[in-house]
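Sequence first, then the predicted structure:
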Amino acid sequence: MLESGCKAVKEGVLEKRSDGLLQLWKKKRCILTEEGLLLIPPKQPPPQQPLPAEPAAKIKELHFSNMKTVDCVERKGKYVYFTVVMAEGKEIDFRCAQEQGWNAAITLQMVQYKNRQAILAVRSTRQKQQHLAQPHGPRLRSASNSA
């Protein structure tokens, strides 16, 4: 379980294309959860003592609520290249070995997340409708009539 309480569905390494001028591929440790994708800079091998915990500022979370689609761009050589499109239009490019299946795993978790949110929205709407449809007690009616 993660700090946020979400279960890790998949863990491993993805390569993310940097936003800079050279657009280099940088390895990121990734944790896919039921809520989104956590991108963590790869740890340097510890010398003899354990390193202190990484600052939370370096961990980037791509939450499914802000994610629009996962587009599979191409399969080339041993890699599959894919793009995560965020709701605000930002595109983040990734690549991984084809057999790792990160793009499929991210897509599946995103669809399941969106389905859970849609079910919750429908339940909430139904509860509101049922609440409004219930007859109010006579005290409320008499109070509204006297006003």
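Great, that's in hand.

all helices of the chain, in order?
Along the chain, counting by DSSP state H, helices occupy 102-133, 138-146.

Buried deepest among those, which one?
Between the helices of the chain, helix 102-133 has the highest mean count of neighbours, a mean of 13, where neighbours are mean count of other C-beta atoms under 10 Å. To be clear about C-beta, it is placed using only N, CA and C from the backbone, and glycine gets the same treatment.

Least confident of the helices of the chain, on average?
Averaged per stretch, pLDDT over these is lowest on helix 138-146, reaching a mean of 52.

nearest spatial neighbour of the spatially most central residue of the chain, skipping sequence neighbours?
Of all residues in the chain, the one closest to the mean position by C-alpha atoms, centre = their mean is G36, 1.9 Å from it. In space, not counting the residues next to it along the chain, G36 is nearest to H63; the distance is 4.0 Å by C-beta to C-beta, 6 or more residues apart in numbering.

Give me the pLDDT value at that neighbour.
We have a pLDDT of 96 for H63.
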